[in-house]
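Engineer: Sharing a model that was predicted from the sequence below.
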Amino acid sequence: MLNQSASLDRMFQALADPTRRVMIERLSRGPASVSELAGPLSMSLPAVMQHLQVLETSGLVRSEKAGRVRTCRLEPAALRAAEQWIAERRASWERCFDRLGDYLAEHPDEPESKE
């Protein structure tokens with residue numbers, strides 16, 4: 001559980017940065033080279049590489065080098081862990097709201113008299 005928690009922490013930390021979310025969006029359409037990822041960003045290639053390192057450490061992205069080209073790919077399995085965590089939180093809150101709705105239905109408020 002602690003290991004999974006640390007993994008989720010790294011993933012959410014990686015996703016907290018807007019530049020990295022842009023990279024994830026681009027990779028969701030398919031693999032891309034580092035230079036393709038860097039193209040629309042107004043930053044140096046070393047800065048792009050730092051962002052990619054964070055994404056790789058979090059498990060969201062995998063890269064491989066063929067010759068002089070480093071190609072990055074999205075790791076969908078890593079996103080599934082975040083989806084599962086979010087779905088569990090949503091289900092818990094929905095159960096709480098359902099119980100609250102049941103309680104309120106059983107105990108309707110009586111109008112207060114204002115005098």
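Structural biologist: The structure has been received and is ready for your questions.
Engineer: alpha carbons only for contacts and neighbour counts from here, please
Structural biologist: Fine.
Engineer: Quick one: mean pLDDT over stretch 44-53.
Structural biologist: Average pLDDT, stretch 44-53: 94.
Engineer: Check stretch 23-33 too.
Structural biologist: Here the average pLDDT along stretch 23-33 is 95.
Engineer: Repeat that for stretch 80-88.
Structural biologist: 87.
Engineer: buried sites along it?
Structural biologist: Applying a neighbour-count criterion of 16 or more other CA atoms under 10 Å, the buried positions in stretch 80-88 are residue 82.
Engineer: same check, this time on stretch 19-38
Structural biologist: Buried, per 16+ other CA under 10 Å, within stretch 19-38: 19-20, 23-24, 26-27, 31-34, 37-38.
Engineer: biggest separation within those, which pair?
Structural biologist: The most widely separated members of those, counting by CA to CA, are 19 and 31 (17.0 Å).
Engineer: To which secondary structure element type does the closest residue to residue 33 other than its chain neighbours belong?
Structural biologist: Nearest non-adjacent residue to residue 33, counting by CA to CA, 6 or more residues apart in numbering: residue 71, 4.2 Å away. State at residue 71, reduced to three classes by DSSP: H, G, I helix; E, B strand; the rest coil: strand.
Engineer: What is the longest helix along the chain packed up against?
Structural biologist: Longest helix of the chain, by residue count under DSSP state H: helix 76-106. Helices and strands touching helix 76-106, by 3 or more CA pairs under 8 Å, 6 or more residues apart in numbering; DSSP states H and E, are helix 2-15.
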